[in-house]
Structure formats: structure tokens, C-alpha cells
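[1] have a look at this prediction, sequence included:
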Amino acid sequence: MSDVMREGAHLVELRDWTQLEMTGNERASFLHNMCTNEINGLKPGEGCEAFLTNVQGKILAYVDVRCLEDSLTLSCVPGQADVITGHLDRYIIREDVTLHNRTAEWGLWLITGDAVEAMIAEQLGGRPPTETCLRPTGMVTATAFLLSGPRDVVRQLTNSLVEDGAAPCDDEIFETARIEAGTPLYGRDVTEENLPQEVARNDRAISFTKGCYLGQETVARIDALGHVNRTLVGVRILGRAVPTDGEQLRVDGKPVGKITSAVFSETLDSPLALAYVRRGHNQPGMMLDGPNGPVEVIELPV
């Protein structure tokens, strides 16, 4: 189904996704000290992925950070606003930082396809209204952008794109595309039980050269050791049945992994899942035993 999102132009509404805005003169330095990635160097229009970690280095949230002219935005899965704001508020003492929950006010859309850039240039003059944010994303393997801003403004823009030929996509297509891209979701593929390196987003979400931040000691210690005991990988199921979340993967009858999310991939013509698999069994090409037959560890994206 990811092929559907690669051709032409397509829209997916990310309904109720958490959207926070951070204002104040010390917003960048504060967030820099609270997450795993480089924030201080971001310029307006730039962004990155990041993990918010607790003092033990466990993941509290997995966010997309964007730098605007007068604020930073954090976007992530639904239901995270209270957790994130509660966590960050604890550490705002004298800093000039204010958190705003924009989840109810803003809409968030994923726009994908090889015709997207030309369509945006034609419909929006190459850039959206100033109150909205349009930024590239690697959430899926297709050319893709995230569009966020006031709900009425964003809805008007997406309606214009539909009138120009963009096709709405349902949640099932998005789910397939993001798993084929290897993109995890917090609450399913990432929880507060995970350490950042287990999620295998080191190159996208973790800076190993930045200064101190909350949880850095754990991340640095793992980096010094050179490995974690398990990582999130793609697994191709060689049967036809799609496994359910939480099903175990085994070798010689012993558990070595657990599936976190799965779909049927038309690209592979087989079920595909994200799973945490123990070190020693998590390299591409390795074979495991799934609940419905053999399972092969593969590289993502596909």
C-alpha cells in the first residue's frame, strides 16, 4: 500500500495528534537540555526527531520538533500532551519558557506523493500562510510533508489540494506505509520501558556529541558499551496470516523477540511487522520462529 502514497498526491489526517508549542527566549536551550537531539542549532524551518527521557534515560515521548520564527513545536501521537507538559513543567524554574497545548486548536496532515511539491507550489505559492507550518518528514518512504496550523486554515488548504487532485487516504494505508518505512509510534512500538538506542533511530533522534541533558548518562553509557540487548527491527512473516501485537518470536523454543505492530504489506506480498529482537538474532537475514511459522529479519525501509 505504500506504493499508493508514492504516486500522485495523497492526504492523511493525523487526527487528535498531540501538538505543543513552546515560546519564550530560552525555549531552545531548555528543550536542548531535556531531549536527546540537537535543538540549539535549529533555524526557522528546520527540525528533527527527538526522545524526551527521564533521569534514568527511559523514553517518555518520541516527538517531531520544528523551529518556527518565534516558537518551537512538538508533534507526536494522541494522548501525550499531559505527560509531556507535566514532565517539562517540573523543570521550568526561572527559565523564560511557556508551554501551550495546541492539540484542540491545530490540525495535522501528512501530504505525500511525487506530485506533492509541484502541487504545493501551485496551490500555496511554494509556502503556506504564516500561521501554518509545512515541513518535510521521513515518516513514510514517499516524498512527504507534515502540515500543521489552526484547524480552519489547514482544512481550507487541504480542501484546495483535494480540489486540485490530491486523494485522501485512510488510516490503514498510513499504518502500512509507516511500518514499511520503519517508523515507530509511541505507545505501540515505543514505551517508557525503552531506552533510546533500542528504537534504532540513533542517526535521526540522538546526538552523541551534544552537552548534558536529562537521561544523557544512561545514553552515553550504552554508547560506550557499543550495544543494547535488543533493538526494533523489521520482520517479514513468511506465511499469510498477520500476527497480533505482543506475539513472541522464538529460536529453538526460547523467546528472543516480541512483535509491536504488524500489517499486510502489498509491497512484499506478505505480512510485515516491527518487533524488538534480542542481540544475536536481530541482523537482516536471520530466521526466527513466529506464531504462524518462519519469520525473517529484514532491513527497513522496504
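    Here it is on my side, so go on. Residues are numbered from 1 along each chain as shown.
[2] could you use CA atoms for every contact and neighbour count after this?
    Noted.
[3] and the longest strand seen in the chain, which strands flank it?
    Secondary structure of the chain per DSSP state E: the longest strand is strand 254-265. Here strand 254-265 is paired, per DSSP bridges, with strand 248-251 (antiparallel), strand 270-278 (antiparallel).
[4] which parts of it count as buried, going by neighbours?
    If you call a residue buried by 16 or more other Cα atoms under 10 Å, then strand 254-265 has these buried ones: 256-265.
[5] can you tell me the SS state at F145?
    strand (DSSP: H, G, I helix; E, B strand; the rest coil).
[6] name the nearest residue to it, ignoring sequence neighbours.
    Of all residues not flanking F145 in the chain, P136 sits nearest, at 4.2 Å (Cα to Cα, 6 or more residues apart in numbering).
[7] for G57, same thing?
    Spatial nearest neighbour of G57, excluding adjacent residues (Cα to Cα, 6+ apart): G215 at 3.9 Å.
[8] list the contacts for that neighbour?
    If you count contacts by Cα atoms under 8 Å, 6 or more residues apart in numbering, G215 has them with 53-58.
[9] and Q19, how many neighbours does it have?
    Counted with other Cα atoms under 10 Å, the neighbours of Q19 add up to 27.
[10] and the residue nearest to F145, what pLDDT?
    pLDDT for P136: 93.
[11] ok, now S2?
    Per-residue pLDDT puts S2 at 55.
[12] for the remainder of this discussion, apply numbering that starts at 40.
    Sure, I'll start numbering at 40, so the last one becomes S41.
[13] so which bits of stretch 161-181 are buried?
    162, 167, 171-181.
[14] okay, and the beta partners of V274?
    If you apply DSSP bridges, the partners that V274 bridges to are A312, V336.
[15] residues contacting it?
    Neighbouring residues of V274 by Cα under 8 Å, 6+ apart: 311-314, 334-337.
[16] against G324, how distant is the residue lying farthest from the centre of the chain?
    What lies farthest from the middle of the chain is D291; by Cα atoms, centre = their mean that is 33.5 Å. Distance of D291 to G324, computed by Cα to Cα, to the nearest Å: 17 Å.
[17] ditto for T57
    For T57 relative to G324 (Cα to Cα), the value is 37 Å.
[18] neighbour-wise, which of these two wins?
    Taking other Cα under 10 Å, T57 and G324 do not tie; T57 has more neighbours (24 against 13).
[19] so the more buried one makes contact with D121?
    No: counting by Cα atoms under 8 Å, T57 stays clear of D121, with 9.5 Å between them.
[20] contacting residues around V102?
    When contacts are counted by Cα under 8 Å, 6+ apart, V102 touches 88-91, 113-115.
[21] to clarify, my last question referred to I98.
    Counting by Cα under 8 Å, 6+ apart, I98 has contacts 90-92, 229-235.
[22] next one: P294
    287-288.
[23] could you check how far it is from Y315?
    Applying Cα to Cα to P294 and Y315 gives a distance of 11 Å.
[24] low-confidence ranges in the stretch 140-289 of the chain?
    Residues of the stretch 140-289 of the chain meeting the criterion pLDDT under 70: 165-167.
[25] excluding chain neighbours, what is closest to N268?
    Per Cα to Cα, 6+ apart, closest to N268 is R318, 5.3 Å.
[26] what's the separation between that neighbour and V267?
    Taken as Cα to Cα, the span from R318 to V267 is 7 Å.
[27] cool, K82 as well?
    Distance from K82 to V267, by Cα to Cα: 33 Å.
[28] the more surrounded of the two?
    When neighbours are counted by other Cα under 10 Å, K82 and V267 differ, and V267 comes out ahead with 16 against 12.
[29] can you lay out the contacts of V102 as CSV showing neighbour count and secondary structure?
    Putting those into CSV (neighbours: other Cα atoms under 10 Å; DSSP: H, G, I helix; E, B strand; the rest coil) gives the following:
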residue, neighbour count, secondary structure
E88, 24, strand
A89, 27, strand
F90, 23, strand
L91, 24, strand
L113, 23, strand
S114, 23, strand
C115, 20, strand
